[in-house]
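> Okay, here's the prediction I keep looking at, along with the sequence it came from:
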Amino acid sequence: MDKGGPPVPLAPLGRAVTVDDIVRRAKASHGTFDLYFTNKDDFFRALSAEAMQAMDRLSDEFPVVAADAAGRAALHRWVTASCDAAQS
């Protein structure tokens, strides 16, 4: 996704996403897409798997949060690190 702005949909509302939409948004060629993926379903499976791995890492790093200043500080550090990681 583009950094610094709101997410932009891959295709206009109400229209199915095509491989053309994906490669245009990725600024890649069909040849590059075909090198890594057999079709758009394969692409979305890989994208979903990568997102799930990222969520697993985030949940593994979630601190024990007590109802005190130390707990709030731990939560703040985790949220800050998670947001920084999402933007990189």
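Okay, I see it.
> buried residues in the longest helix anywhere in the chain?
In the chain, with assignment by DSSP state H, the single longest helix is helix 40-60. Across helix 40-60, burial judged by 16 or more other CB atoms under 10 Å covers 40, 43. Every residue, glycine included, has its C-beta placed from N, CA and C.
> Quick one: name whatever helix or strand follows that helix.
helix 69-87 (DSSP states H and E).
> Just the angle for that following helix relative to helix 40-60, thanks.
160 degrees (axes from the mean of the first three to the mean of the last three CA atoms, to 10 degrees).
> Can you name the residues in contact with helix 69-87?
3, 58, 61-66 (CB atoms under 8 Å, 6 or more residues apart in numbering).
> average model confidence for the longest helix of the chain?
For helix 40-60, mean pLDDT is 88.
> The helix or strand hosting residue 33 - contacts with which helices or strands?
Following DSSP H and E, one finds residue 33 within helix 30-36. Here helix 30-36 touches helix 19-26, helix 40-60, going by 3 or more CB pairs under 8 Å, 6 or more residues apart in numbering; DSSP states H and E.
> 7 Å instead, please
helix 19-26 (3 or more CB pairs under 7 Å, 6 or more residues apart in numbering; DSSP states H and E).
> Quick one: distance of the helix it packs on to the chain centre.
Relative to the chain's own centre, helix 19-26 is displaced by 16 Å; criterion: CA atoms, centre = their mean, to the nearest Å.
> Show me which positions of it end up buried.
Within helix 19-26, judged by 16+ other CB under 10 Å, the buried ones are 21-23.
> Let me have those in TSV, extended by pLDDT and distance to residue 70.
Formatted as TSV, these follow (pLDDT from 0 to 100; distance: CB to CB, whole Å):
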residue	pLDDT	distance to residue 70
21	89	47
22	91	45
23	93	48
